[in-house]
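Novice: Following is a predicted model, sequence given first.
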Amino acid sequence: MQPTIEDGELITVAPVAPESVKRGDILLYQNERGVVAHRVVGVVKGTVTINGGDSPPYLMRGDASVSCDAPVQLEQVIGRVVAVQRGGRNVALDSRLANLLRLARPKIAKLKAFRLLHLNY
C-alpha cells in the first residue's frame, strides 16, 4: 500500500459493516497469500449469482498497483484500516485531509515530473 502505508508500519483496524464500505476505504482482508490491506476501487451493489455462487462485492487494489486483486468476498474482510503509526504518532487514514492528500498525490507527482523534464530540455 505504499506510499499510504509503508512496509513495517503498524496499522489500526476497526470493525466495518458491509453496508458502510465505500470506494476509497482501505480494508484488511484474508486471501490465499495471507492478510492484505488494499484500497476499495469498486463496490458491487447487491449480489449476482454467477456459476452457482454470489459475485464478490469488493474490487481491491494496492495504491502502487496497476491491476486489481481477485474480488473479495464479505467473509474475507477483517476490518477497515483507520490509522497508521508513523514516526511514533498515529496518522488517521479515514479523515477528510487524508483523502485530499491521497487524491492530490498523483497530481503533485506529475507536476514534479513535468518540472524535471522542463529543466532538462
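Specialist: Ah, there it is.
Novice: Quick check: closest non-adjacent residue to Asn90.
Specialist: Using CB to CB, 6 or more residues apart in numbering and skipping the chain neighbours, the partner closest in space to Asn90 is Ala83 (4.6 Å). The way it works is simple: take the backbone N, C-alpha and C, and place the C-beta from them, glycine included.
Novice: Provide a list of residues in contact with that neighbour.
Specialist: By CB atoms under 8 Å, 6 or more residues apart in numbering, Ala83 lies in contact with 11-12, 90-94.
Novice: that's a strand at it, yeah?
Specialist: Yes - counting by DSSP: H, G, I helix; E, B strand; the rest coil, one finds Ala83 located in a strand.
Novice: Can you give me the distance of it to Leu10?
Specialist: Taking CB to CB, to the nearest Å as the measure, Ala83 and Leu10 are separated by 9 Å.
Novice: Could you do Asn31 as well?
Specialist: Taken as CB to CB, the span from Asn31 to Leu10 is 21 Å.
Novice: So those two - more neighbours on which side?
Specialist: The neighbour count for Asn31 versus Leu10, taken as other CB atoms under 10 Å, is higher for Asn31 (14 against 10).
Novice: can you count the residues close to the nearest residue to that one once chain neighbours are set aside?
Specialist: With CB to CB, 6+ apart as the criterion, Asn31 has its nearest non-adjacent residue at 6.4 Å, and that residue is Gln76. Counted by other CB under 10 Å, the residues lying close to Gln76 total 18.
Novice: just use 604 as the starting number from now, easier for me
Specialist: Got it, the first residue is 604 from now on, which makes the last one we talked about Gln679.
Novice: show me where pLDDT drops low in this structure?
Specialist: Applying pLDDT under 70 to the chain flags the ranges 649-659, 709, 712-713, 715-724.
Novice: Nearest residue to the middle of it?
Specialist: With distances taken as CA atoms, centre = their mean, the residue of the chain nearest its centroid is Arg642 (1.6 Å).
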